[in-house]
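Undergrad: Structure, please.
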Amino acid sequence: MKYILFILVILITIFSACGPDDPPDPVDDKPRVKILGHKGSGSSWIHEEFLENTIPSITNAIKSFDGVEVDVQMSKDGTPWLYHDRAINGNTCDSTILICIPQSTDYQISSLQICYDDKKDRVYTLQKLLQLFGFSTEKFYISLDVKSHFFDDCFLNGRPPDSYFYQMADTIISLIDFYDAHSYVLIESDKDLFLDYIENVDSNVLTCRLGYSGIYYNLEKVRSHNYDGISMKFTDETLVTEIVDSARKAGVIIQLWTPYSSDDIRKAIKLKPSFIQVDRVFDLEDFDLTYE
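TA: You can find the predicted model right below:
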C-alpha cells in the first residue's frame, strides 16, 4: 500500500508539471469509461456475421459503442490498410499467394477476398474508415493499432525499416488533418521512433504507447516522450485502480484490452481507464461505466 501511495505522489508530480494552462484531455468529454469495439465488432473467429477490421464490422460496432479499434499496415504503394495478421496466406478465399500487406501493391490488396468459415469480405483502406467518420453525424473514436512486427519473409528479421514508419506517420497525419479528426483518432504503437516522429510533426495527434506489461514503465515513457497515453492488456498485474484512475485524472489516456466475458469487462471497468477495447458487441446499459 505504501508503494502505491508513493507512485501516486510521483504521478501527481510528473503530470502536474504540464501546468494549469494545458488544455484538458480532448477525449474525456463523457464522465464514464468509453467502449471501443476491438477490430470493429470483434475478431473474425468470434463474430458470427462480420470479419474483423472491415467496414461492415465497424459500422455495426459504432451503433452500440463509442468507437472502434482497428489494425493498420501499409502497402508497397504507401497506402494504410486495415489488417491484423502478419501474413496474408491462409486468410484468402482462394489460392492467392501474397506474403504480407507491406510487400503487396494496392491493386493486389484491393483484389483480395478474405474468408473465415462462411464469412467473406475484402480488405479496406484506412481512408474508407475515415470517410465513414467524416460522413457520420455522430462522431466516434478510432484507435489505430499500427503493426510493427512481421515475419522474416516480409522484412529482414521481421522489422520494417525506419522509412516505413516515417511514411506511414506522414500519411496518417494527413488523413487525420483532412477529416478534422484530431480529437477522435488515437494512434497506438510499441515503436517509439514512430510515435516520436508523429509528436514532432504534429503534436495535436493523440499518441498512445502500446505496452505489453508494466504500467510504471509505460507511464514514464509517456512523460519522457510527451505521449498522450498508454494501451495495455487489462490483466496486467501492475494495473491497479488507484494508479489508473490517478493517471487518467492527470490527463493520461488509458486504453485497456481485450476483455470478452461479462466478468472480465466488469474487472476492466473497475480499473477506471479512459477506454476499453472489447471483443464482442453488447448493450452498454448492461454495465455501470461511470467513474463514481
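Undergrad: use CA for all of it now, contacts and neighbours both
TA: Will do.
Undergrad: what is the mean pLDDT for whichever strand or helix holds residue 221?
TA: Secondary structure from DSSP states H and E places residue 221 in helix 215-225. For helix 215-225, the mean pLDDT works out to 97.
Undergrad: what's residue 227 in contact with, if anything?
TA: Neighbouring residues of residue 227 by Cα atoms under 8 Å, 6 or more residues apart in numbering: 195, 199, 206, 207, 208, 209, 221.
Undergrad: Residue 115: what's its closest spatial neighbour, skipping adjacent residues?
TA: residue 93 (5.0 Å; Cα to Cα, 6 or more residues apart in numbering).
Undergrad: follow-up on the earlier one: by contact count, what packs against the helix holding residue 221?
TA: Taking 3 or more Cα pairs under 8 Å, 6 or more residues apart in numbering; DSSP states H and E as contact, the helices and strands that helix 215-225 lies on are strand 206-210, strand 229-233.
Undergrad: Who are the packing partners of the last one?
TA: In terms of contact count using 3+ Cα pairs under 8 Å, 6+ apart, strand 229-233 is assigned the packing partners strand 206-210, helix 215-225, strand 253-257.
Undergrad: go with 6 Å
TA: Other elements packing on strand 229-233 under the criterion 3 or more Cα pairs under 6 Å, 6 or more residues apart in numbering; DSSP states H and E are strand 206-210, strand 253-257.
Undergrad: isn't residue 35 right up against residue 68?
TA: No: in this structure residue 35 lies outside contact range of residue 68 using Cα atoms under 6 Å: 8.0 Å.
Undergrad: Any idea which residue is closest to the centre of the chain?
TA: Central residue check for the chain by Cα atoms, centre = their mean: the C-alpha nearest the mean position is that of residue 143, 3.4 Å away.
Undergrad: distance of residue 143 from residue 98?
TA: Here residue 143 is placed at a distance of 27 Å from residue 98 (Cα to Cα, to the nearest Å).
Undergrad: what are the ranges of the strands in the stretch 51-200 of the chain?
TA: Secondary structure of the stretch 51-200 of the chain (DSSP state E, counting those that start in this stretch): strands at 67-74, 80-82, 114-116, 119-121, 124-125, 141-146, 185-189.
Undergrad: Which residues belonging to the helix holding residue 221 are considered buried?
TA: The neighbour-count criterion (16 or more other Cα atoms under 10 Å) identifies 215, 218, 219, 221, 222, 223 as the buried residues of helix 215-225.
Undergrad: and what of stretch 88-99?
TA: For stretch 88-99, burial by neighbour count (16+ other Cα under 10 Å) applies to 88, 89, 92, 93, 98.
Undergrad: ok, now which ones touch the third one?
TA: Neighbour list for residue 92: 113, 114, 115 [criterion: Cα atoms under 6 Å, 6 or more residues apart in numbering].
Undergrad: Quick one: buried ones out of those residues?
TA: A residue is treated as buried here by neighbour count (16+ other Cα under 10 Å); on that basis the buried members of the contacts of residue 92 are 114, 115.
Undergrad: Closest to residue 107 out of the contacts of residue 92?
TA: Taking Cα to Cα as the measure, residue 107 sits nearest to residue 113 out of the contacts of residue 92, at 12.4 Å.
Undergrad: Many thanks, have a good one.
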